[in-house]
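In: sharing a model prediction with you, sequence too.
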Amino acid sequence: MDLELRHLKIVRAVADAGSLTRAATVLGLAQPALSAQLKRVERALGGTLFVRGREGVRATALGELVLERARVLLPAVCELQEEAQRFARQGAQGYRLGGTHGPLLGGLVDRLADEEPGVPVTTYTSWSEREVAGSVAEGRLDFALVGVCGESAPPEPGRLAWMEVARDPVHVMLAEEHPLALERAPRDEIELAELAAEAWTDVPGDGCFGDCFAAACVRAGFTPVCVYETDTASCVHLVQVGRAVGLCRATFPATPGVVTRPLAGTPLVWRHVLGWHPAARVAARAVEVLGHARAAHAEALGRAAGGGSALRAAPAPPPAPAPAPVPVPASGGLRPAAPWPAA
C-alpha cells in the first residue's frame, strides 16, 4: 500500500485525540473502521505507531517520527492547494473588487474603468467585512475595500495586507425639520448628549462599531432609546420622516430632506481600508489601486453633505507607499456587534 495524505491525517487525528474512540468521532468513522485503517498504515510503514492502553494511546518512537513529518507536510500541502486555487481563480488580468456599502466602491470602479478601458472590472458587495476579506484571502476577489471602526484591526490580519485609504469622523443625520437643524445660527458640531432622547437608525455590520457607539453614548451620559438596524435607503427614510436620527460617514452624499452634522469631539471615527493577498498576482498593482481609492474618497468627500469638516478632522493619508501590510493594532477584545455608519 502506498502512503497517502489521508493516512497521515489519520495518524495525526489519533495522536491529537489521544484515543481511537475520540479520533473516530472527529474523523466521522466507526472505531472498527479506523482501527483497520491504522493497522494498514502501520503495515505500510513497517512498525507500530501507537501503544494502546487503558488511558488511550501513546505514540511509539516510529509514531513520533511520522507525526513530526506529518505536521510539516499536511499544512504545506494545504497551503499549496489554497495557492493553486487562488492562482486559477485570478484568470484574466482584470480587477475583482469587493466592498461594503458606501460610495467608494463605485468611485473606484469608475476610476479604474477610465484609467484602463477594456480591462474587466467586476464587483461583489456584502454587509460583512469579514466575508469580503475572506473572499480575498481565498482568491475569489482581488481587493477588499471596506471600513473599520477607529483603530480596530481589519479582518484576516495574518493573511491579507492592508493599507489605509482615508479616515472620516462619523456624522449624525437629522431631518431638515429637526430642531437642531432649524437653529437660526447652525452650529458646526452637535454634542452627542443633545441626542439622548432620540431613536437611532443604522445599517448592519460585523465589526465593533455597535459597541463603540454604545460606549460613546454612555460617556455622554445616556443609553440609546432604540436602534433601527436596516438597509441604507430605509435609514435615510426614517431620518427624513423624523422617526430617527442616523449615523453616517463624512462621505454621505447630500440628500433631500436630510441634514448632516459632525459630532463634537469626534467620538467615533471610520477608517476606509484596502486589502489584498500579498501572494496574488494583483499585489503588484496594489499601490495603483490604493491611489485610485484615495482619489475616489476625495471625490466623494467633495460631493458630501458636510465634507469640509471631515477634512479638518482627519488629514488625508500620505501618498501611497510600496505595498506592505499596515501594522495591525490590538482589537482589545471587542465583540462583533451590529451597526456600521450608513453610506
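Out: Arrived safely.
In: which parts of the protein are strands?
Out: Using DSSP state E, the strands of the chain run over 50-53, 56-59, 95-99, 121-125, 143-149, 161-169, 171-175, 200-202, 227-229, 245-248, 258-262, 269-276.
In: quick one, which of those gets closest to residue 110.
Out: strand 121-125 (9.5 Å; C-beta to C-beta). Bear in mind the C-beta positions are built from the backbone N, C-alpha and C, glycine included.
In: which elements pack onto that closest one?
Out: On a contact count with 3 or more C-beta pairs under 8 Å, 6 or more residues apart in numbering; DSSP states H and E, strand 121-125 meets strand 95-99, helix 104-115, helix 129-137.
In: and the second one, which residues are buried?
Out: Burial within helix 104-115, assessed by neighbour count using 16 or more other C-beta atoms under 10 Å, is assigned to 104-105, 107-109, 111-112.
In: ok, now stretch 294-302?
Out: Using 16+ other C-beta under 10 Å as the test for burial, stretch 294-302 gives 294, 296-297, 299-301.
In: and what of stretch 166-174?
Out: Buried-residue list, stretch 166-174, by 16+ other C-beta under 10 Å: 166-174.
In: one more: stretch 244-259?
Out: Of the residues in stretch 244-259, 244-252, 255, 258-259 count as buried by neighbour count, 16+ other C-beta under 10 Å.
In: for stretch 267-284, same thing?
Out: Buried, per 16+ other C-beta under 10 Å, within stretch 267-284: 267-277, 280, 282.
In: and these as TSV, adding pLDDT?
Out: Output for the buried residues of stretch 267-284, formatted as TSV (pLDDT from 0 to 100):
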residue	pLDDT
267	93
268	92
269	92
270	92
271	93
272	94
273	95
274	96
275	96
276	96
277	95
280	89
282	87
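In: and which of these is nearest residue 75?
Out: Checking those one by one against residue 75 (C-beta to C-beta), the nearest turns out to be residue 277, at 17.4 Å.
In: residue contacts, the closest one?
Out: 86, 136-137, 139, 159-161, 283 (C-beta atoms under 8 Å, 6 or more residues apart in numbering).
In: any chance of CSV for these, columns pLDDT and distance to residue 41?
Out: Below are the contacts of residue 277 laid out as CSV (pLDDT from 0 to 100; distance: C-beta to C-beta, whole Å):
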residue, pLDDT, distance to residue 41
86, 60, 32
136, 94, 38
137, 93, 33
139, 91, 33
159, 91, 32
160, 95, 37
161, 95, 40
283, 91, 40
